[in-house]
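Q: pasting the sequence and the predicted model now:
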Amino acid sequence: MFFKLLQKECMQTFKSLIYWIYVICVLLFFFTQMGSPEFDAKKPVKTENGVYGTVFSKDEKDIQEVLLGELAQDFYENSWRTYPAGFIKYVKLDEKETQEIDNILEEMTGLTEEQRRMSIEKFEEEISQPYMSPDFRLPVKEGVSYETFKENMKKVCVILGAGSSYEEGKFSQGVEVPADYEDAVAEYENLIEKDKFTGGYARLFSDYLGIVLGIMPVFVAVTRCMRDRRAKMQELIYVRKVSSGTVILSRYIAMVVTMLLPVIFAALYTLMQCIGYTKGMDIAIDYLAFVPSVFVWLLPEIMVVSALGMFLTELTDTAIAVLVQAVWWYTGVFMQGDVLTSGDFGFHLVIRHNSVLDYQVFADHYQEFIINRAFYAGVALFFVVLSVWVYSMKRKGAWDFYGKILRGSKRKSKA
Amino acid sequence: MERYFVVAKENQKHNLRIPFLLCSLLLIVSPLFLGMENLTEPETAKVLEYYVALISVILLPAVFLPEQDKDIRDLLSSKYTPMAKLYGIRIIQAMLYLMLLLGVYMCILKAGNCEFAFGKLYMGELATMVFLGGMGVFFYALTDQVVVGYMIPLLYYMLNITIPINRIGTFYLFSMSIGKYEWKWTLGMAGVVLLAAGIAIRSKRK
């Protein structure tokens, strides 16, 4: 019975206009954002300018110098930005707060405001290509301990409010520093030996697809759940023998499976491109690199977005899930600030790792990544169970949001 | 005329309340994560274009919701008042609410010592709202699916964030943030066309 229903649900989804809009949007997003990435499997060569990208450093000296440089620049420009709940928030400091930051900078660097200003202006004059240049750094005054630095950063956070880059939770993850030739070679070796080339591209693929899959499935889920009511089939289905669990589960699994199809297609497309690029090269690629990308990285996202959409639609009989998901997606995407390869996975719905390199950052945070994805898979199952419950209550006539909320004790079974 | 006021009153009572409350709620919670004090003009434009504009996607496509059920649509079509007029009244009402919410929000920004030309930003933001909302109205009318009415404007919004500005040109949603105020003319006019086309399509739908 279940499989017959599942098959029917899949066919229903294939006939849905929204599903095809979903497919077009996912593929359009994939081709415009990732499409044919610039493949590079060549060993780095030494360059004259010594620019080899950036790496993450957890070295205390690097952390202190980069953060103090950033703080001094923010102070110089009098521009303070935080990301308290995902959105950028411009904070304006009053005179007392500005003075407090000035004191902290002077205590940490031993430089007066005038000396720092000159130092920044000199740095800006020297850099010819701002996007390729390293961050402005300020060395710590001799004798100042890392503990004092952390204490002072806490004070800065109190002044700026939540969401600044001076929070210990953020800078303890490491700061971006310019890579040297050895770093570049190590990254290359990681890509070829540990990632087997395709691993890096699989991560980039998931990074891009994750953005669009953070919202698109909700449209399919909401439409599917509202379809019975629109077609006036609700009561007819309610009186069937089949259990609520079977109806909801078959519907849910059909949605998830069908929505996964364009993702699998895009993954195969990128894999083929990788195979084509490495043909004739002495590189042993991992043909299964996209399997965890699709089934561990992206599947839980599709699962949770569709489950929430299904639950809210069953509960309210409205399209409110679209609004809820839009807000969640918006904060999820914008919450991650500028650095997209920091390994700060936390409990973000949309996980970002916008680079084929940085294998080590990803490997260091792999456990966090797995916990994140397992959490969302669990949340998805929780919403599915809730949907089954709401659906069965509606069948019994106990929950009817179609006009009246809660019939309470005057239950009248619809089944 | 009296009949139209009755239509507006009933619409206000049964349909507009919840979308209006949702929009108000979204604006009320915004100070939790958006800076609303001491902003410069481009920063104010950013707040308006990236955040406040989204309330139009909630308010405008909702004008067709009462006739989601075909039987109700058939019943209303048989009445003396043309459907197009009903939709027109509802859209005017939704627009008045948008104008009110935007006005109040911008007054709060002004009170927070933000520096901007009120009239210029108000009209520019209104054009963005008409365009995004009009897009929702148009696609809802075209497909008879409320979800599409929300989906397309949100996708267009995503597109504006992710692809280069020169590919979108004057249809770029966040043009005031980059100082291109004149681009809003295109958006405003396109929005009005989309609204009119949406009403025309929906009125003829059987």
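A: Yep, it's here. Everything numeric here is computed off the predicted structure, so don't read it as measured data.
Q: for the lengthiest helix in chain A, packing partners?
A: Ranked by residue count and defined by DSSP state H, the top helix of chain A is helix A:244-278. Contacts defined by 3 or more Cβ pairs under 8 Å, 6 or more residues apart in numbering or on different chains; DSSP states H and E place helix A:244-278 against helix A:2-14, helix A:17-33, helix A:198-213, helix A:216-230, helix A:290-292, helix A:299-316, helix A:366-395. All C-beta atoms are positioned from the backbone trio N, CA, C, and that covers glycine.
Q: any idea which of those helices gets closest to residue A:73?
A: With Cβ to Cβ as the measure, helix A:198-213 is the member of the helices and strands packed on helix A:244-278 nearest residue A:73 (28.3 Å).
Q: the closest one vs helix A:244-278, what angle?
A: Relative orientation of helix A:198-213 and helix A:244-278, computed by axes from the mean of the first three to the mean of the last three Cα atoms, to 10 degrees: 140 degrees.
Q: centre of the chain to the longest helix along chain B, how far?
A: The single longest helix within chain B, with elements called by DSSP H, is helix B:83-111. For helix B:83-111, the separation from the chain centroid amounts to 8 Å (computed by Cα atoms, centre = their mean, to the nearest Å).
Q: flag every residue of chain B that's near chain A.
A: Counting by Cβ under 8 Å from any Cβ of the partner chain, chain B comes close to chain A at B:22, B:26, B:32-35, B:37-39, B:43, B:46, B:50-51, B:54, B:58, B:68, B:143, B:145-148, B:150-151, B:154-155, B:158, B:162-163.
Q: one more pass at 6 Å, please.
A: Counting by Cβ under 6 Å from any Cβ of the partner chain, chain B comes close to chain A at B:33, B:34, B:35, B:37, B:38, B:43, B:146, B:147, B:150, B:151, B:154, B:155.
Q: out of those, which are buried?
A: Among the residues of chain B next to chain A, those classed as buried by 16 or more other Cβ atoms under 10 Å in any protein chain shown are B:33, B:34, B:35, B:43, B:146, B:147, B:150, B:151, B:154, B:155.
Q: phi, psi of the first one?
A: Think residue B:33. phi -130, psi 0 (degrees, to the nearest 10).
Q: could you list the low-pLDDT ranges of the chain?
A: Picking chain A for this. Residues of chain A that meet the criterion pLDDT under 70 lie in A:49-50, A:85-88, A:128-134, A:335-343, A:399-415.
Q: meant chain B actually
A: Counting by pLDDT under 70, the ranges of chain B that qualify are B:206.
Q: go ahead and flag the most central residue of chain B.
A: In chain B, the residue lying closest to the centroid (Cα atoms, centre = their mean) is residue B:56, at 2.6 Å.
Q: so what's that one up against?
A: Taking Cβ atoms under 6 Å, 6 or more residues apart in numbering or on different chains, we find residue B:56 in contact with B:98, B:129, B:132, B:133.
Q: let me know the closest of the residues you listed to chain A.
A: Closest approach to chain A among these (Cβ to the nearest Cβ): residue B:132, at 12.4 Å.
Q: residue B:19 reaches residue B:61, doesn't it?
A: No. When contacts are counted by Cβ atoms under 6 Å, residue B:19 is not listed as touching residue B:61 (9.2 Å).
Q: shared neighbours, these two?
A: Counting by Cβ under 6 Å, 6+ apart, nothing touches both residue B:19 and residue B:61.
Q: what comes into contact with stretch B:106-115?
A: If you take Cβ under 6 Å, 6+ apart as the criterion, stretch B:106-115 is touched by B:36, B:37, B:38, B:39, B:40, B:44.
Q: residues contacting the last one?
A: Residues near residue B:44 by Cβ under 6 Å, 6+ apart: B:109, B:114, B:116.
Q: buried subset of the residues you listed?
A: Those of these that meet the buried threshold are B:109, B:114, B:116, by 16+ other Cβ under 10 Å.
Q: residue numbers of chain A in contact with chain B?
A: By Cβ under 6 Å from any Cβ, the residues of chain A that approach chain B are A:25, A:84-85, A:87, A:89-90, A:92, A:219, A:222-223, A:319, A:322, A:326.
Q: so the residue lying closest to residue B:103 once chain neighbours are set aside, which of the three states?
A: Excluding the flanking residues, the one nearest residue B:103 by Cβ to Cβ, 6 or more residues apart in numbering or on different chains is residue B:122, at 7.0 Å. For residue B:122, the assignment made with DSSP: H, G, I helix; E, B strand; the rest coil gives helix.
Q: which residues are in contact with the nearest residue to residue A:225 once chain neighbours are set aside?
A: Excluding the flanking residues, the one nearest residue A:225 by Cβ to Cβ, 6+ apart is residue A:313, at 3.8 Å. Applying Cβ under 6 Å, 6+ apart, we find residue A:313 in contact with A:222, A:225, A:321.
Q: right, and the last one touches residue A:312 too?
A: Going back to what we said before, that points to residue A:321. Yes. Contact criterion Cβ under 6 Å: residue A:321 and residue A:312 qualify, at 3.7 Å.
Q: in TSV: the helices and strands packed on helix A:244-278, plus distance to residue A:259.
A: Formatted as TSV, the helices and strands packed on helix A:244-278 follow (distance: least, Cβ to Cβ, whole Å):
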stretch	distance to residue A:259
helix A:2-14	8
helix A:17-33	7
helix A:198-213	8
helix A:216-230	5
helix A:290-292	17
helix A:299-316	5
helix A:366-395	13
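Q: which of those helices sits closest to residue B:80?
A: helix A:216-230 (27.8 Å).
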